[in-house]
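Q: Sequence below, structure please.
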Amino acid sequence: MLRGKRIAPLVLIVAMMAMTCQSFVPNGRVIISPRIESRVKETTIFPSKSMKESNMIRYVSDAATTEVEVPEPEKKTLLEKVKSMMPPANERKKLIPLALMFFCILFNYTILRDTKDVLMVTAPKSGAEVIPFIKTYVNLPTAIGFTALYAKLCDKLEQKNVFYACTVPFLIFFAAFAWMIYPNVGVLHPHGFVDKIAAMLPIGFSAPLSIVRNWSYAMFYVMAEMWGSVVASLLF
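A: This is a model prediction of the structure:
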């Protein structure tokens, strides 16, 4: 009982001293021990490992319980699939004319390739032996001359004008052959003149003379060969 009476004034004095010291601290800061203050800062700035693990467990559990909604792919009809495969409108303006042009070029080449051999082989006083002479002595010089002409045209004209300058002569010749030359081959082919020359020359000249005799068919053969090499391959 006596000890309690002695301690009570001491506690009262310490409390009054603490209140007095607290009044001098700015912003109402509470005075604590430096050791305790350092521990509080470490706990605030650097959370403990147990706190990190608890936060991670909470995050994983929340993610596991949350349902992820995956959007279902939209089902397209056949018409929509075809529209998605088609090129855009600005490209179709160029693609469709080019495809039509290429189709016409290949269509003409197929007809010309099958017609040129038939005309030359079935011509009067001609045969299959004429084909090597046409390829060597007519077709080869024509191809060399066209190469030189094409190089000059490329130096002087634009590419589209080169295409027109090379394609128009072919079309003019084939139109003239169909409407004027072929219906009048009996008048245009010099059969009598070639027969007189053939009587004076050896039999080995029969193939070259057949080319001269049927000169319109020979020209058609060369132009058909050049159409496949020039228009279908080089120009387009």
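Q: What mean pLDDT does the longest helix anywhere in the chain get?
A: Using DSSP state H, we find that the single longest helix of the chain is helix 89-121. Summarised as a single mean, pLDDT over helix 89-121 is 87.
Q: buried ones in it?
A: The neighbour-count criterion (16 or more other CB atoms under 10 Å) identifies 105, 108-109, 112, 116, 119-120 as the buried residues of helix 89-121. In this view, the C-beta of every residue, glycine as well, is placed from N, C-alpha and C.
Q: So, low pLDDT: which residues of the protein?
A: Using pLDDT under 70 as the threshold, the predicted model of the chain has low-confidence ranges 1-74, 236.
Q: which residue ranges form the helices in it?
A: The residue ranges that make up the helices of the chain, judged by DSSP H, are 2-23, 34-45, 49-65, 78-85, 89-121, 130-134, 140-156, 159-176, 185-188, 191-200, 206-213, 215-226.
Q: Between the two ends of stretch 76-92, how far is it?
A: End-to-end span of stretch 76-92 (CA to CA, to the nearest Å): 23 Å.
Q: Just the residues contacting that stretch, thanks.
A: The set of residues that contact stretch 76-92 without belonging to it, under CB atoms under 8 Å, 6 or more residues apart in numbering, is L95.
Q: Contacts only, for the residue nearest to L234 when sequence neighbours are not counted.
A: Taking CB to CB, 6 or more residues apart in numbering, and ignoring the residues beside it in sequence, L234 has Y150 as its nearest neighbour in space, at 7.5 Å. Listed by CB under 8 Å, 6+ apart, the contact set of Y150 reads 162, 166, 230, 234.
Q: could I get the residues you listed as a markdown table with neighbour count and distance to A178?
A: Converted to a markdown table, the contacts of Y150 look like this (neighbours: other CB atoms under 10 Å; distance: CB to CB, whole Å):
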| residue | neighbour count | distance to A178 |
| --- | --- | --- |
| V162 | 17 | 26 |
| C166 | 19 | 20 |
| V230 | 19 | 20 |
| L234 | 15 | 24 |
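Q: Would you mind measuring from the closest residue to I131 other than its chain neighbours to V130?
A: The shortest distance from I131 to any non-neighbouring residue, by CB to CB, 6+ apart, is to M120 (6.7 Å). Taking CB to CB, to the nearest Å as the measure, M120 and V130 are separated by 6 Å.
Q: One more: L140?
A: The span separating L140 from V130 equals 15 Å under the rule CB to CB.
Q: and the gap between the residue nearest to L234 and Y182?
A: Here Y150 is placed at a distance of 28 Å from Y182 (CB to CB).
Q: Roughly how far does E91 sit from V194?
A: With CB to CB as the criterion, E91 and V194 are 56 Å apart.
Q: And for A176?
A: From A176 over to V194 the distance is 23 Å, taken as CB to CB.
Q: which one of the two has more residues nearby?
A: Ranked by neighbour count (other CB atoms under 10 Å), A176 and V194 place V194 first, with 19 against 12.
Q: And the more buried one, how far from F205?
A: 10 Å.
Q: and if you look at F170?
A: Between F170 and F205 the computed distance is 31 Å (CB to CB).
Q: Between those two, which has more neighbouring residues?
A: Taking other CB under 10 Å, F170 and F205 do not tie; F170 has more neighbours (17 against 13).
Q: what's the closest non-adjacent residue to the more buried one?
A: Going by CB to CB, 6+ apart, F170 has W227 as its nearest residue, at 5.8 Å.
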